[in-house]
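J.: My questions concern the predicted model and sequence given below.
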Amino acid sequence: MLIIHKYIYVESKAAGYFTFGKHRKLIDEFSKEGWRFIAAIPTVFNIFGVIKKYDLVFEKEE
């Protein structure tokens, strides 16, 4: 039997000195809908190489 997965990428901002990231909330929300968290891929950096945004990758069987 062939298992096919579909993937979604959800952008999230990284936490800063005075802010908290919302990644935990996003992971909890998508897991309730049957998505499985796979990875966080950095997508935006500042001039010092600090991660500013990343994509959360989720998968689900079709």
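T.: That came in fine, so what should we check first?

J.: Name the residue closest to the centre of this protein, please.
T.: Leu56 (1.3 Å; C-alpha atoms, centre = their mean).

J.: Could you check how many residues crowd around the closest residue to that one other than its chain neighbours?
T.: Residue nearest to Leu56 in three dimensions, not counting chain neighbours: Val10, with 4.7 Å by C-beta to C-beta, 6 or more residues apart in numbering. The C-beta positions use only the backbone N, C-alpha and C, and glycine is treated the same way. Val10: 17 surrounding residues under other C-beta atoms under 10 Å.

J.: State whether Val10 is indeed within a strand.
T.: Yes. With DSSP: H, G, I helix; E, B strand; the rest coil as the criterion, Val10 is assigned to a strand.

J.: show me the contacts for it.
T.: Leu26, Phe30, Asp55, Leu56, Phe58 (C-beta atoms under 8 Å, 6 or more residues apart in numbering).

J.: Including distance to Ile38, could those go into TSV?
T.: Below are the contacts of Val10 laid out as TSV (distance: C-beta to C-beta, whole Å):
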residue	distance to Ile38
Leu26	13
Phe30	11
Asp55	10
Leu56	8
Phe58	6
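
J.: Give me the subset of those residues that lies in strands.
T.: Asp55, Leu56, Phe58 (DSSP state E).

J.: wait, the second one sits on Trp35?
T.: No. Under the criterion of C-beta atoms under 8 Å, Leu56 lies out of contact with Trp35, with a separation of 9.6 Å.

J.: low-confidence ranges in this protein?
T.: 18-19 (pLDDT under 70).

J.: any chance you could map the helices in it?
T.: Secondary structure of the chain (DSSP state H): helices located at 23-32.

J.: what's the spacing between Ile51 and Lys22?
T.: Distance of Ile51 to Lys22, given as C-beta to C-beta, to the nearest Å: 14 Å.
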